[in-house]
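In: Mind folding the following:
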Amino acid sequence: MKTLVINTGSSSIKYQFFNMPEGEVLCTGLIERIGEDTGHIRHKKLVGTPLEFNEELPVLNHQNGMEKVASLLTHPEYGVIADTSEVELVGHRVVHGGEEFSQTTEITDAVKKTLDKLSDLAPLHNPPNLVGIRMAEKVFGNAIQVAVFDTAFHQSIPEYAFRYAIPNNLYHEHGIRVYGFHGTSHRYVTREAAKMLDKPLVDCNLISIHLGNGASMAAIKKGKSIDTSLGMTPLPGLVMGTRSGDIDPAIIFYLHEKVGLPISEVNNILNKESGMKGLTGHNDLRQITEDAENGNEEAHLALAIYSYRIKKYIGAYLAVIGKVDALIFTAGVGEHSATIREMSVAGLEHLGISLHAKRNIEARGACDIAQNKSAVRILIIPTNEELEIAHQAYKLMN
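Out: Numbers count the residues shown, from 1 in each chain. Model (predicted):
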């Protein structure tokens, strides 16, 4: 089944085209800087004779961008299908499904109306996701459109874990609660971990650690999410590239009332100027690690703060899960930073977590980097959110 996976951002369209259920990737692509003077299109054909298309030209809007996706899929040289009617299924990444959507859902007019109402919960993400859906419906008119939600995996979190200790009406009337994000990634690596451990998914207790520019952790008990570090928004929890993670909420009032910063500026600081960028001036972990190795104390402290927060959440999740089978490191930083992995589990031997230093440094791809004696395995599993979306969409239709 020819399945197109689309991830629409405010000024971008990321896509992968699969042959399902085999999971064969036919082509991938990214259209960036939509609506700017000069856009950028990158497309890779991966079957037959592999070819890559790169071009800079104006991409006026998302419809224009989706039309360019269609033209590349059907291009005589770079394409993989003869006509857009061959696209049978389109899976859309949708960031926020609120409490309304706990599973993958076929898109209807009623679903789109609900997603529009949920935009208040994810104003930076859901509106462009909806634009992508509407444009895909026009361009790939014969395909079934399916929404896969970042929040859905965390809908199994019990109420005592997702509720905040604030007046009840704020939850009942405004939906203020923990939703969690990166659910597609956490779901994918959880399933892959079960395969690596050779255990049924329902018997797996795991701590999933997704470390990219955005970062989150999930406590997985019997294959289901029971807690996660992100909340109603993608701001709390771990230290991230530009986001602060957990802070004393009264700091917001202090910055506004005592320092005199407008709320909009405080919001910008916590989301775009904090995290590793706030601590070091930039958010590239590779550069920060290199600076720390070269004796930069600011960079060294930033790495210590970053990994200490991860360690605190590992401890908390061990407490709520009980016996844990494995830690999973995934996403860009989790997969590639031996330094962060080492610092995050250092000193946890008394909890049955023992890292094998050589395996950690030499790690490539999916592997186990724990010492043989470690009671808790330490896995690296490259995430594949696009493949997970394709799987979820195909599963729904079949």
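In: Which element, helix or strand, includes residue 208?
Out: strand 206-211 (DSSP states H and E).
In: Next, count neighbours for residue 189.
Out: 31 (other C-beta atoms under 10 Å). C-beta coordinates here come from the backbone N, C-alpha and C atoms, glycine included.
In: What are the structural domain limits within this structure?
Out: Following automatic domain parsing, one finds the domains of the chain at 2-149, 199-380.
In: between the ones you listed, which one is nearest to residue 188?
Out: Closest to residue 188 of these is domain 199-380 (C-beta to C-beta; 8.4 Å).
In: Would you mind measuring the gap between the ends of the closest one?
Out: Using C-alpha to C-alpha, to the nearest Å, one end of domain 199-380 lies 17 Å from the other.
In: Phi first, then psi, for the residue nearest to residue 163 when sequence neighbours are not counted.
Out: Excluding the flanking residues, the one nearest residue 163 by C-beta to C-beta, 6 or more residues apart in numbering is residue 177, at 5.8 Å. Main-chain dihedrals, residue 177, degrees, to the nearest 10: phi -170, psi 180.
In: Kindly provide the distance from residue 177 to residue 99.
Out: According to C-beta to C-beta, to the nearest Å, residue 177 stands 8 Å off from residue 99.
In: Counting neighbours, go ahead and name the busier of the two.
Out: Per other C-beta under 10 Å, whichever of residue 177 and residue 99 has more neighbours is residue 177, with 20 against 12.
In: Surely the more buried one touches residue 233?
Out: No: between residue 177 and residue 233 there is no contact under C-beta atoms under 8 Å: 11.3 Å.
In: coming back round to it: weakest of the domains of the chain by average pLDDT?
Out: Looking at the domains of the chain, the lowest mean pLDDT belongs to domain 2-149 (a mean of 91).
In: Between the two ends of that one, how far is it?
Out: Start-to-end span of domain 2-149 (C-alpha to C-alpha) is 21 Å.
In: Kindly report the same for stretch 35-47.
Out: 31 Å.
In: gap between the strand holding residue 208 and the chain center?
Out: 11 Å (C-alpha atoms, centre = their mean, to the nearest Å).
In: got the residue ranges for the helices in the stretch 251-398 of the chain?
Out: Listed in chain order, the helices of the stretch 251-398 of the chain (DSSP state H, counting those that start in this stretch) span 263-272, 275-280, 285-293, 297-321, 331-336, 338-345, 357-362, 385-397.
In: For those helices, give me TSV that also has distance to residue 61.
Out: Shown next, in TSV, are those (distance: least, C-beta to C-beta, whole Å):
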stretch	distance to residue 61
helix 263-272	25
helix 275-280	30
helix 285-293	34
helix 297-321	38
helix 331-336	29
helix 338-345	39
helix 357-362	46
helix 385-397	23
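In: Please identify which of these is closest to residue 155.
Out: Nearest to residue 155, of all the helices of the stretch 251-398 of the chain, is helix 385-397, at 13.8 Å by C-beta to C-beta.
In: just the CA coordinates of the closest one, formatted as PDB?
Out: Written as PDB, here are the backbone C-alpha positions of helix 385-397 (Å, rounded to 0.1, in the frame of the first residue of the first chain):
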ATOM      1  CA  GLU A 385       8.700   8.600  13.700                       C
ATOM      2  CA  GLU A 386       7.800   8.600  10.000                       C
ATOM      3  CA  LEU A 387       7.900   4.800   9.800                       C
ATOM      4  CA  GLU A 388       5.800   4.600  13.000                       C
ATOM      5  CA  ILE A 389       3.200   7.000  11.500                       C
ATOM      6  CA  ALA A 390       3.100   4.800   8.400                       C
ATOM      7  CA  HIS A 391       2.600   1.700  10.500                       C
ATOM      8  CA  GLN A 392      -0.100   3.300  12.600                       C
ATOM      9  CA  ALA A 393      -1.900   4.600   9.500                       C
ATOM     10  CA  TYR A 394      -1.600   1.200   7.700                       C
ATOM     11  CA  LYS A 395      -2.800  -0.700  10.800                       C
ATOM     12  CA  LEU A 396      -5.900   1.500  11.000                       C
ATOM     13  CA  MET A 397      -6.800   0.900   7.400                       C
END
